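K.L.:
dropping the sequence and predicted coords here.
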Amino acid sequence: MNSTPTAPPWTLNDRDRAYLTRLVDYSTLQSLPEIWPIAAQHFTNLTALHTPSLKPEVKLTYGQLHQQINSFAAGLQSLGIEPALEGELPPCVALFADNSYRWFIADQGMMTAGAANAVRSHQADPQELRYILSHSQSQGLVVENQATLDRLLPLVDADDRARLKFLMILTDEVPQPIADIPTYNFSQVLARGSHHSLQPPTLRRDTLATLIYTSGTTGQPKGVMLSHGNLLHQVCTAGTIVQPQVGDVALSILPTWHSYERSVEYFLLSQGCTQIYTSIRNVKKDLKAYAPQYMVSVPRIWESVYEGVQQQFQSQPSRKRQLIDFFFRVSGSYTQAKRTWQGQNLEQWQPNPWTQIQAGLKTLALAPLHLLGDRLVYQQVRAATGGSLKQVISGGGSLAPHLEQFYEIVGIELLVGYGLTETAPILSARRVWRNVRGSAGLGVPGTELRVVDPDSRQPLPPGQRGLVLARGPQVMQGYFRNPEATAKALDPEGWFDTGDLGFITVQGDVVLTGRAKDTIVLSNGENIEPQPLEDACLRSPYIDQIMLVGQDQKSLGALIVPNLPNLRAWAEAQNLGLGLPDRWEDLEAAPPSDALSWDDLLNGEAIAQLLRQELNREVRDRPSYRPDDRITVFRVLSAPFSMDNGLLTQTLKIRRPLVAERYGAAIEQMFAK
């Protein structure tokens with residue numbers, strides 16, 4: 001399946017090298033499918049994939065996983081998927097489905113058969129799925145279930161239908177017959193494969209492995225071309241970030257087709273971990289039940305865990321709340337001093353020796369109280385997550401400072417990484433031995449990161465903010481059938497324009513400050529990066545989601561989604577008689593009265609005064625506060641940003657252009673006042 005293997009010439013620092021030598025080494029492989037026979041040999045009877053939510057639950061050992069991947073691949077070949085000739089692009093198969101063990105088998109089965117795949121959530125807009133199916137020139141279509149196929153197929157035009165060699169649903173539903181295209185379910189394809197000899201394709205590191213399409217919020221989605229080499233780079237370098245032991249458990253919650261979740265899954269499974277599929281609904285229960293060692297997710301998930309803990313704290317008797325608050329204040333001072341002492345404080349990232357000595361003494365003085373707080377309070381927080389977490393990894397967006405401090409205080413090692421779909425995705429990540437809060441860590445092996453002036457593209461010195469460029473083995477081959485977009489993103493020397501703003505410290509830590517396209521330019525010419533301000537505002541217990549607006553305005557404005565349970569408790573404590581529910585479902589059910597809507601109530605003077613105080617406090621408390629940071633107007637929304645209404649991505653990031661479009665009239669009215 002591979003040509004002559006060559007080890008990649010990555011330069012490693014001593015600590016990264018020491019970590020990588022402890023793991024199963026795949027650096028000489030040429031393709032992802034070569035991992036699974038090796039893993040099956042090392043971990044034959046160990047559980048690889050576990051889906052407890054299915055009835056009955058499903059567990060697959062590494063031996064079974066390898067066998068089913070091969071059977072699926074052979075089944076695809078029996079349906080007409082033929083490996084490409086040398087120098088040609090592999091055939092493509094569309095895979096529109098979400099988290100399940102069958103998704104993983106289908107994904108790796110396609111590559112094992114010699115095909116690439118074009119992936120997307122089955123919950124995406126059907127017109128978007130139709131576009132991806134057509135644009136990727138897919139020869140086969142695999143979808144979540146019959147309902148997805150029923151929604152999508154009527155939209156597919158005659159040319160695309162003529163190209164399709166088969167349709168497949170990942171469930172065991174009896175597929176509805178389609179007149180002109182053979183249709184199968186998952187088990188039928190496995191059965192075909194068990195009676196068909198697999199013809200191993202010739203795959204190389206530069207062979208296309210997958211097309212991951214961008215969300216397309218500002219136009220047609222672009223197909224990011226990731227090769228086997230791009231993805232293998234992630235498998236072979238992720239061990240510098242986390243070092244799993246055989247049998248460790250990882251909880252999977254992110255969309256499995258997303259580059260972040262996907263690359264981490266490939267890595268953890270390559271090292272003999274057990275992956276358990278969970279969901280937003282089940283995650284808290286599954287954390288306790290399965291006590292995972294690892295979990296990767298996005299800031300919104302870590303924020304929801306934090307909010308849940310805070311609600312538990314608020315429900316305690318007054319004296320206990322005061323004790324909890326005391327310990328958190330002490331531990332906050334302790335962690336800040338410890339960062340400075342260890343030279344890992346971004347606010348003092350080049351402290352003088354005397355400052356470091358003082359910080360060290362303060363750390364030692366506060367350590368006994370911090371340890372007492374750990375025994376009385378923080379251990380209970382860790383127990384709610386199963387009590388076995390070694391590291392949790394956050395990506396897909398910045399992590400608010402108050403979340404950084406919370407997880408550091410309670411003793412959950414939270415590592416933040418940085419990357420994009422176009423970089424497979426990890427460019428940099430914090431390490432256990434250098435977990436600089438507020439940063440996105442050091443570059444992973446083989447990666448070059450550069451900060452340049454956005455206009456001249458000249459490199460900037462350490463500490464100076466500019467546009468982040470990246471180059472390395474994980475950078476995409478380009479955008480599929482889109483040379484114009486490829487040329488715009490990749491220069492002739494291979495530098496990829498990330499579109500992110502930030503700087504790099506003298507020690508090499510990447511610090512991100514915003515997205516170039518998200519920058520708000522006020523009418524006075526001041527540039528405002530919204531993310532740090534939004535993160536600060538989310539410290540308020542009454543704000544659940546927020547998006548800043550104000551392009552070409554005199555000052556900033558905000559769209560605010562309130563935290564309903566906390567807002568209701570505040571209103572009751574104030575005897576306001578607002579009658580607020582604590583669930584969005586109840587808010588949508590009926591208005592508070594015939595003459596008053598929930599929107600009117602939430603934007604009444606009492607709530608407006610509370611939120612104005614909260615915004616002013618949180619914005620002013622930021623270390624880098626400027627007068628232009630003030631949020632002078634805002635609108636309280638009566639519905640949250642969610643995946644259901646299309647305003648959140650599947651990695652729970654706000655779709656800013658869509659939000660601005662949907663609430664355009666409210667924004668205009670807000671500033672008109």
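P.N.:
That came in fine, so what should we check first?
K.L.:
domains of this structure?
P.N.:
31-221, 519-672 (automatic domain parsing).
K.L.:
what about the shortest one, how long is it end to end?
P.N.:
Right, the one you point to is domain 519-672. Terminal residues of domain 519-672 are spaced 22 Å apart (CA to CA, to the nearest Å).
K.L.:
most tightly surrounded among the domains of the chain?
P.N.:
domain 31-221 (a mean of 19; mean count of other CB atoms under 10 Å). Just so you know, the C-beta spots here come from the backbone N, C-alpha and C atoms, and that holds for glycine as well.
K.L.:
mean confidence for that one?
P.N.:
Across domain 31-221, pLDDT averages out at 95.
K.L.:
thinking again about what came up before, quick one: the domains of the chain as JSON lines, columns for distance to Val451 too.
P.N.:
JSON lines is the format used below for the domains of the chain (distance: least, CB to CB, whole Å):
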{"stretch": "domain 31-221", "distance to Val451": "24"}
{"stretch": "domain 519-672", "distance to Val451": "15"}
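K.L.:
of those domains, which is nearest Gln379?
P.N.:
domain 519-672 (23.6 Å; CB to CB).
K.L.:
any idea how far that closest one is from the middle of the chain?
P.N.:
23 Å (CA atoms, centre = their mean, to the nearest Å).
K.L.:
and Glu661, how far from Leu647?
P.N.:
As judged by CB to CB, to the nearest Å, Glu661 and Leu647 stand 10 Å apart.
K.L.:
ugh, wrong one, Gln358
P.N.:
47 Å.
K.L.:
kindly report the same for Asp180.
P.N.:
For Asp180 relative to Leu647 (CB to CB), the value is 38 Å.
K.L.:
one more: Pro154?
P.N.:
Applying CB to CB to Pro154 and Leu647 gives a distance of 27 Å.
K.L.:
neighbours of the residue nearest to Thr278 when sequence neighbours are not counted, how many?
P.N.:
If the residues on either side of it in the chain are set aside, Thr278 comes closest to Asp286, at 4.3 Å by CB to CB, 6 or more residues apart in numbering. Using other CB atoms under 10 Å, Asp286 has 22 other residues around it.
K.L.:
I'd like the next helix or strand past the longest helix belonging to the chain.
P.N.:
The residue-count maximum for a helix in the chain (DSSP state H) belongs to helix 318-341. As assigned by DSSP states H and E, the chain's next helix or strand after helix 318-341 is helix 353-373.
K.L.:
distance from that following helix to the middle of the chain?
P.N.:
With CA atoms, centre = their mean, you get 34 Å for helix 353-373.
K.L.:
same check, this time on stretch 173-180
P.N.:
With CA atoms, centre = their mean, you get 35 Å for stretch 173-180.
K.L.:
compute the first-to-last residue distance for it.
P.N.:
Stretch 173-180 end-to-end distance (CA to CA) = 20 Å.
K.L.:
elements contacting the helix or strand where Val561 lies?
P.N.:
If you go by DSSP H and E, Val561 is part of strand 556-562. In this structure, strand 556-562 packs against strand 543-549, helix 605-620, strand 631-636, helix 664-672, with contacts taken as 3 or more CB pairs under 8 Å, 6 or more residues apart in numbering; DSSP states H and E.
K.L.:
pairing partners for that strand, with directions?
P.N.:
Here strand 556-562 is paired, per DSSP bridges, with strand 543-549 (antiparallel), strand 631-636 (parallel).
K.L.:
for the last one, give the mean pLDDT please.
P.N.:
Strand 631-636 shows an average pLDDT of 95 in the prediction.
K.L.:
do the same with stretch 514-524
P.N.:
84.
K.L.:
one more: stretch 238-255?
P.N.:
95.
K.L.:
looks like Val511 contacts Leu501 (just checking).
P.N.:
No - applying CB atoms under 8 Å as the test, Val511 and Leu501 come out as separate, 10.0 Å apart.
K.L.:
how close does Ala84 sit to Leu167?
P.N.:
From Ala84 to Leu167 the distance is 22 Å (CB to CB).
K.L.:
with Phe503 instead?
P.N.:
50 Å.
K.L.:
give me every residue that touches Arg617.
P.N.:
By CB atoms under 8 Å, 6 or more residues apart in numbering, the contact set of Arg617 is Ser540.
K.L.:
confidence score at it?
P.N.:
Residue-level pLDDT assigned to Arg617 equals 94.
K.L.:
what sits against Thr385?
P.N.:
Going by CB under 8 Å, 6+ apart, Thr385 touches Leu287, Lys288, Val305, Ile412.
K.L.:
wait, which of the helices and strands packed on strand 556-562 is closest to Leu460?
P.N.:
strand 543-549 (25.8 Å).
K.L.:
got the angle for the closest one vs helix 605-620?
P.N.:
Orientation note: strand 543-549 sits at an angle of 70 degrees relative to helix 605-620 (axes from the mean of the first three to the mean of the last three CA atoms, to 10 degrees).
K.L.:
how far off helix 664-672 does strand 543-549 point, in degrees?
P.N.:
Going by the same axes, to 10 degrees, strand 543-549 makes 80 degrees with helix 664-672.
K.L.:
quick check: Ile81 touching Cys92?
P.N.:
No - contact criterion CB under 8 Å: Ile81 and Cys92 do not qualify, at 9.5 Å.
K.L.:
so what sits against both of these two?
P.N.:
Ala115, Gln139.
K.L.:
helix/strand/coil for Lys284?
P.N.:
Three-state assignment for Lys284 (DSSP: H, G, I helix; E, B strand; the rest coil): helix.
K.L.:
hmm, back to that, which elements pack onto the longest helix of the chain?
P.N.:
helix 299-314, helix 353-373, helix 401-410.
K.L.:
how about that helix, which residues are buried there?
P.N.:
For helix 318-341, a neighbour-count test (16 or more other CB atoms under 10 Å) marks 324, 327-328, 330-341 as buried.
K.L.:
how close does Gly140 get to Cys273?
P.N.:
30 Å.
K.L.:
got the contact list for the helix or strand just after the strand holding Val561?
P.N.:
Under the assignment DSSP H and E, the closest C-terminal helix or strand after strand 556-562 is helix 564-573. With CB under 8 Å, 6+ apart as the test, helix 564-573 has contacts from 311, 314, 541-542, 544, 577-578, 580-584, 587, 606-607, 610.
K.L.:
got the angle between helix 564-573 and strand 631-636?
P.N.:
Going by the same axes, to 10 degrees, helix 564-573 makes 100 degrees with strand 631-636.
K.L.:
and the longest strand along the chain, what does it pack onto?
P.N.:
Ordering each strand of the chain by length in residues (DSSP state E) puts strand 496-504 first. Strand 496-504 sits against strand 448-452, strand 466-471, helix 483-489, strand 510-515, with contacts defined as 3+ CB pairs under 8 Å, 6+ apart.
K.L.:
which among the contacts of helix 564-573 gets closest to Pro33?
P.N.:
Taking the contacts of helix 564-573 together and measuring to Pro33 by CB to CB, the closest member is Asp544, at 43.0 Å.
K.L.:
pretty sure the closest one contacts Ala639?
P.N.:
No - the pair Asp544 and Ala639 fails to qualify as a contact (CB under 8 Å) at a distance of 11.5 Å.
K.L.:
what touches both of those two?
P.N.:
With CB under 8 Å, 6+ apart, Asp544 and Ala639 have common neighbours Val561.
K.L.:
tell me who's in contact with the residue lying closest to Lys673 once chain neighbours are set aside.
P.N.:
With sequence-adjacent residues excluded and distances taken as CB to CB, 6+ apart, Lys673 is closest to Val633, at 6.6 Å. Applying CB under 8 Å, 6+ apart to Val633 gives the contacts Ser555, Gly557, Ala558, Met670, Phe671, Lys673.
K.L.:
His66 now?
P.N.:
Trp36, Pro37, Ala39, Ala40 are the contacts of His66 under CB under 8 Å, 6+ apart.
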